[in-house]
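> Sequence isn't available, so here's the structure alone:
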């Protein structure tokens, strides 16, 4: 793929986002491709090295704040028609209650997801603390001439350490998954506010 084709396709995928933000990102990727070409890559190799257009467009959408997208849409269409104002005023009790309900559901689900993550990390910390405590107790029992109790404590410390390692891996995976899900939800919400060119009227 050539540089021009890449930039045109990326521009198309970013349709509806604030124009100055799109121009800024296009300039950034244009310069990145030029730098790679100067380093000795062919134009096609330089474009391929930049990455997938879909992933880049999604990342750019994620990076642009929702407030900036909404503000840009309001600025593009600052004057509302009389019938639009009438619908907004008459429908206020309905759309406001639906909006509050939708926001409440989203916030509740988000809170539940992160409470699960926090709980899992708490389990990891508990296993780690128990393992360290058992090790300290093992040392104390050995030095006070209770080798059997010390051996039992050492076994408990090793078991807790094993559970701690397993829980750490699980916590890390779940946290990454929740972060990725949060990012996808944020992008979906943003896309609801993005007006594609040609559909603004």
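Received, thanks. Small disclaimer: the values here were computed from a predicted structure and weren't measured.
> only C-alpha atoms for contact and neighbour calcs from this point on.
OK.
> Residue 156 and residue 138, how far apart?
9 Å (Cα to Cα, to the nearest Å).
> Looking at the two, which has the bigger crowd around it?
Ranked by neighbour count (other Cα atoms under 10 Å), residue 156 and residue 138 place residue 138 first, with 24 against 18.
> Hmm, the more buried one is touching residue 146, no?
No: using Cα atoms under 8 Å, residue 138 makes no contact with residue 146, being 9.1 Å away.
> so where is the chain shaky, pLDDT-wise?
For the chain, the stretches with pLDDT under 70 are 70-80, 84-85, 145, 193-201.
> what ranges do the helices span in it?
In the chain, the segments counted as helices under DSSP state H are 3-13, 19-38, 43-50, 53-63, 66-76, 82-90, 92-143, 147-193.
> which strands and helices sit next to the shortest one?
Contacts defined by 3 or more Cα pairs under 8 Å, 6 or more residues apart in numbering; DSSP states H and E place helix 43-50 against helix 3-13, helix 19-38.
> any chance of those helices in a markdown table, plus mean neighbour count and distance to residue 83?
Output for those, formatted as a markdown table (neighbours: other Cα atoms under 10 Å; distance: least, Cα to Cα, whole Å):
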| stretch | mean neighbour count | distance to residue 83 |
| --- | --- | --- |
| helix 3-13 | 16 | 32 |
| helix 19-38 | 15 | 28 |
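> Take those helices and write them to JSON lines, including distance to residue 127.
Formatted as JSON lines, the helices and strands packed on helix 43-50 follow (distance: least, Cα to Cα, whole Å):
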{"stretch": "helix 3-13", "distance to residue 127": "47"}
{"stretch": "helix 19-38", "distance to residue 127": "46"}
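> quick one, which of those is nearest to residue 65?
Nearest of the helices and strands packed on helix 43-50 to residue 65, taken as Cα to Cα: helix 19-38 at 10.6 Å.
> From the contact counts, what lies against that closest one?
helix 3-13, helix 43-50.
> what sits up against that helix?
Helix 19-38 has contacts (Cα atoms under 8 Å, 6 or more residues apart in numbering) with 3, 7, 10-11, 14, 43, 46-47, 50, 60, 64.
> Dump those to CSV, plus distance to residue 32.
Below are these laid out as CSV (distance: Cα to Cα, whole Å):
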residue, distance to residue 32
3, 10
7, 12
10, 14
11, 16
14, 18
43, 11
46, 8
47, 9
50, 8
60, 15
64, 20
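> Just flag the most distant two among those.
Within these, two members stand farthest from each other by Cα to Cα: 43 and 64, at 28.2 Å.
> Domain parsing of this structure, as residue ranges.
For the chain, the structural domains run 3-64, 88-193, going by automatic domain parsing.
> Columns distance to residue 81 on top of those, output as TSV?
Shown next, in TSV, are these (distance: least, Cα to Cα, whole Å):
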stretch	distance to residue 81
domain 3-64	21
domain 88-193	11
